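Engineer: Return a 3D structure for these sequence lines:
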Amino acid sequence: MPGLELSRAITHAGTTQLGGGYMRFEKDAEFADWTLSYDEVLFVQSGELEIVGEGGSVKAGVGEAVLIPNGAKVTYRGRAGTVGFFVLWPFDWDRKTEG
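Structural biologist: Residues are numbered from 1 along each chain as shown. Presented below is the predicted three-dimensional model:
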């Protein structure tokens with residue numbers, strides 16, 4: 001994703017199904033029309049993050065967290081320098097298939 005760097009920090013955390021990592025916006029950018037296959041919590045460490053969903057938008061600044069439920073369709077927007085930590089469940093959402 002141009003302008004957005006993601007890195008996993010929690011992948012196989014023993015007995016838990018949690019995953020997580022860091023997101024960093026290298027420039028003003030957005031990641032549009034993503035439908036979550038997991039529950040996600042985003043914690044903003046620097047900058048400002050905006051989550052736009054079907055019901056409106058939420059802005060989170062330093063020290064604030066946002067919960068996004070499984071199945072939500074969202075657009076992530078961040079300004080250059082925004083850094084956040086994300087936690088998601090289940091960590092292996094990308095290996096699960098429907099049907």
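
Engineer: What is the least confident helix or strand in this protein?
Structural biologist: When the helices and strands of the chain are scored by mean pLDDT, DSSP states H and E, strand 4-10 comes last with a mean of 76.

Engineer: Buried residues, the helix or strand following that one. List them.
Structural biologist: Where DSSP states H and E defines the elements, the next helix or strand beyond strand 4-10 is strand 19-25. Across strand 19-25, burial judged by 16 or more other C-beta atoms under 10 Å covers 19-20, 23-25. C-beta here means a position set from N, CA and C on the backbone, and glycine is covered the same way.

Engineer: And stretch 36-47, by the same measure?
Structural biologist: 36, 38-44, 47.

Engineer: chain center to the least confident helix or strand of the chain: distance?
Structural biologist: Distance, stretch centre to chain centre, for strand 4-10: 10 Å (C-alpha atoms, centre = their mean, to the nearest Å).

Engineer: Could you tell me the angle between it and strand 19-25?
Structural biologist: Strand 4-10 and strand 19-25 are oriented at 160 degrees to each other (axes from the mean of the first three to the mean of the last three C-alpha atoms, to 10 degrees).

Engineer: which helices and strands sit right next to strand 4-10?
Structural biologist: Contacts defined by 3 or more C-beta pairs under 8 Å, 6 or more residues apart in numbering; DSSP states H and E place strand 4-10 against strand 19-25.

Engineer: Could you spell out the sheet neighbours of the strand it packs on, each with its direction?
Structural biologist: Sheet pairing of strand 19-25 (DSSP bridges) gives strand 4-10 (antiparallel), strand 83-89 (antiparallel).

Engineer: residues of the first one that come out buried?
Structural biologist: What that stands for is strand 4-10. Leu4.

Engineer: For Gly19, see how far away Asp92 is.
Structural biologist: Look at Asp92 and Gly19: by C-beta to C-beta, to the nearest Å, they are 7 Å apart.
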